[in-house]
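Q: Fold the following.
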Amino acid sequence: MKEYSIEDWFEKYERDITSFLIYYTGFTDVEDLVQDTFVIAMNKFSKFKGNSHPKTWLIAIARNIVIDRYRRKKVWQRIKHYFIADRAHVPGSEEIIIQSQEQQQLYDAIDKLSPQQKEVVILRGILELSSNETAEILNCSSNSVNVAYHRALKKLKDILQEEGFDLEGNGANQRKSKEPS
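A: I've put the predicted structure just below:
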């Protein structure tokens, strides 16, 4: 049996856990949540049997911490994505500004999804976990994950199109101009 070390897992998966928590909560300041995740993992380390991948186990712990925290505070619906707010823009670089605006629009659209749709989009689409890994984290079947992911992507596409985002290739990922040029 392979030897596991929580220290090795921290080095290997801390960035993935941080990314998950940023997307999942909408906050960039997630160090406390990351720390809580690894503290709980360390305390329950002896219970890890190796039946799942360490990364999926850690993401499940992180997800449960967030759910518990927001369930108690009842502010889940007020979570907003402000990823771009602290990011500095290069003056005069139109491309970077456009990318930031498009990225913010995508984050805002993801935030409009239901909590379940948001979870599956983050895990499958952003973190690129497999259906099986996502199913393990969400405690459901991989078929349920695939169906939920398909529906979430359709809803996300509808939201983006309602907001005037051109997904048809006429300047891909560009906002449709509402004013004549």
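Q: For the protein, which segments are assigned as strands?
A: Along the chain, the segments classed as strands by DSSP state E run 165-166, 174-175.
Q: any idea which of these scores lowest on pLDDT?
A: Comparing mean pLDDT across the strands of the chain, the lowest value falls on strand 174-175: a mean of 48.
Q: pLDDT below threshold where in this protein?
A: When the per-residue scores of the chain are filtered using pLDDT under 70, the ranges that remain are 1-3, 71-100, 166-181.
Q: Got the domain ranges for it?
A: The chain breaks down by automatic domain parsing into domains covering 6-78, 94-175.
Q: can you redo these as JSON lines with mean neighbour count?
A: Quick note: C-beta positions are derived from backbone N, CA and C, even for glycine. Formatted as JSON lines, the entries for those read as follows, by neighbours: other C-beta atoms under 10 Å:
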{"stretch": "domain 6-78", "mean neighbour count": "16"}
{"stretch": "domain 94-175", "mean neighbour count": "16"}
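Q: so how far is stretch 150-163 off the chain centroid?
A: 16 Å (C-alpha atoms, centre = their mean, to the nearest Å).
Q: Touching it from outside, list them.
A: The list of residues contacting stretch 150-163 from outside it, by C-beta atoms under 8 Å, 6 or more residues apart in numbering, reads 105-106, 109-110, 112-113, 117-118, 120-121, 125, 167, 175.
Q: Same question for stretch 32-39.
A: Contacts of stretch 32-39 (C-beta under 8 Å, 6+ apart): 6, 9-10, 14, 17-18, 21, 25, 58, 61-62, 65-66, 69.
Q: And stretch 122-133, by the same measure?
A: 16, 19-20, 23-24, 53, 55-56, 59, 110, 134, 137-138, 142, 145-146, 149, 153.
Q: circling back to that earlier point, widest-spaced pair of the contacts of stretch 32-39?
A: Longest distance between any two of the contacts of stretch 32-39 is 22.9 Å, between I6 and T25; criterion C-beta to C-beta.
Q: Reformat the contacts of stretch 32-39 as JSON lines; add distance to F38.
A: Formatted as JSON lines, the entries for the contacts of stretch 32-39 read as follows, by distance: C-beta to C-beta, whole Å:
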{"residue": "I6", "distance to F38": "7"}
{"residue": "W9", "distance to F38": "8"}
{"residue": "F10", "distance to F38": "6"}
{"residue": "E14", "distance to F38": "8"}
{"residue": "I17", "distance to F38": "8"}
{"residue": "T18", "distance to F38": "11"}
{"residue": "L21", "distance to F38": "12"}
{"residue": "T25", "distance to F38": "17"}
{"residue": "L58", "distance to F38": "8"}
{"residue": "I61", "distance to F38": "9"}
{"residue": "A62", "distance to F38": "9"}
{"residue": "I65", "distance to F38": "11"}
{"residue": "V66", "distance to F38": "14"}
{"residue": "R69", "distance to F38": "16"}
